[in-house]
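Got a predicted model here, sequence first, then my questions.
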Amino acid sequence: MILTARYLTKIYKPKMAMPWHPEPEPAIDRICFELGAGETLAIIGAAGSGKTTLARVLAGAETVTTGTLVMEGERVDAVSSDEYHRSIRMMFQDPSASLNPNLSIGRQLDSTLKLAISMPEADRKQRVLDTLQDVGLLHEHIDFYPDQLSSGLKHRVALARALITNPKVIIADESLSSVDVSVRAKLINLLLKLQRERDLSYIMITHDREIIEHMCDKLMVLQSGRTIEYGQVEQILNQPKEAYSRQLLAL
Ligand SMILES: Nc1ncnc2c1ncn2[C@@H]1O[C@H](COP(=O)(O)OP(=O)(O)OP(=O)(O)O)[C@@H](O)[C@H]1O
């Protein structure tokens, strides 16, 4: 397994705890799953069900209160956090907001790479060019600024930023929800192509039936921080156990 989650629980501590305040409810509560190489897990749930918290915990941006994450057989706290951050990358939801408008695409990709991996400048430049090509952008795009790119191309840059460290897992938090249908279809095909070529695993937080059906192997349904269904996509789409899942999946 690339990634195994065992009983992940996150309780956000209130900024000012008062003795008469009840203990806060967990944002995620004993979440377990297994993700193999080249597999895709979809996570769905209503607003506030814990999807973003889970994504942030998995991306190493948030600590867990209890529970264990295991990457390729090693507990994540035993793996150096640099290595973990290189291996599990988040693809940002809104590229327009996450890209710096004042920096060229090349500079932004280079600074992400520089932070994650120590390598000579010439090798970094080559990696930036290769990654642009891998996501279907041109070498010339290295000198472009975000505002000069269409929304679809900005999504490719966001993907390039996740891909540039050669990760094993990419987490996409509603990443494709804001693009129009034809652009989304191209991005889905690109993600599938990269998955085949690199044996990449994806965790897709999405409500998009098309993405769930075409891209995902497993599905987890979250409600109030808990897993209420987890299994193969086909099985849950054909026979959801819970009315809540049926509603979310519009079945
Ligand atoms: N930084 C935080 N501090 C305190 N509570 C938080 C924090 N972030 C999230 N929560 C709470 O944790 C619970 C889960 O929130 P989370 O954002 O993970 O859900 P979500 O499913 O991603 O929701 P949405 O779809 O609206 O983004 C909610 O009750 C939320 O209020």
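Yep, it's here. Residues are numbered from 1 along each chain as shown.

Just confirm A97 is within a helix.
Yes. Counting by DSSP: H, G, I helix; E, B strand; the rest coil, A97 is found in a helix.

Quick check: pLDDT value at it.
As predicted, A97 sits at a pLDDT of 82.

cool, the one 5 residues further on as well?
Looking at N102, its pLDDT is 95.

Report the contact partners of it.
Y145 (C-beta atoms under 8 Å, 6 or more residues apart in numbering). All C-beta atoms are positioned from the backbone trio N, CA, C, and that covers glycine.

What distance do you get for it to R226?
N102 is 43 Å from R226, where distance means C-beta to C-beta, to the nearest Å.

Over to F92?
As for F92, its distance to R226 is 27 Å (criterion: C-beta to C-beta).

for D173, same thing?
Relative to R226, and taking C-beta to C-beta, D173 is found at 19 Å.

for this structure, which helix is longest?
Of all the elements of type helix in the chain, the one with the most residues (DSSP state H) is helix 181-198.

in that helix, what counts as buried?
Using 16 or more other C-beta atoms under 10 Å as the test for burial, helix 181-198 gives 183-184, 187-188, 190-191, 194-195, 198.

immediately after it, which helix or strand?
Proceeding N to C from helix 181-198, the next assigned helix or strand is strand 201-205, under DSSP states H and E.

That following strand near the ligand at all?
No. If you take C-beta under 6 Å from any ligand atom as the test, strand 201-205 misses the ligand, and the best it gets is 7.4 Å.

Parallel or antiparallel, which strands does that strand pair with?
Partners of strand 201-205 in the sheet, by DSSP bridges, are strand 40-45 (parallel), strand 169-173 (parallel).

Who's the closest spatial neighbour of R86, skipping the chain neighbours?
Nearest in space to R86, with sequence neighbours left out and distances taken as C-beta to C-beta, 6 or more residues apart in numbering, is T165 at 4.3 Å.

Relative to the ligand, how far out is that neighbour?
T165 sits 25 Å away from the ligand, going by C-beta to the nearest ligand atom, to the nearest Å.

picking that back up, using CSV, lay out the strands paired with strand 201-205 together with mean pLDDT.
Formatted as CSV, these follow (pLDDT from 0 to 100):
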stretch, mean pLDDT
strand 40-45, 97
strand 169-173, 94
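
List just the one of those strands that sits closest to R56.
Relative to R56, the nearest member of the strands paired with strand 201-205 by C-beta to C-beta is strand 169-173, separated by 8.7 Å.

and that closest one, how far from the chain's centre?
In terms of C-alpha atoms, centre = their mean, to the nearest Å, the gap separating the centre of strand 169-173 from the centre of its chain is 2 Å.

check contacts around S81.
S81 neighbours (C-beta under 8 Å, 6+ apart): G60.

how near is it to M119?
Counting by C-beta to C-beta, the gap from S81 to M119 is 19 Å.
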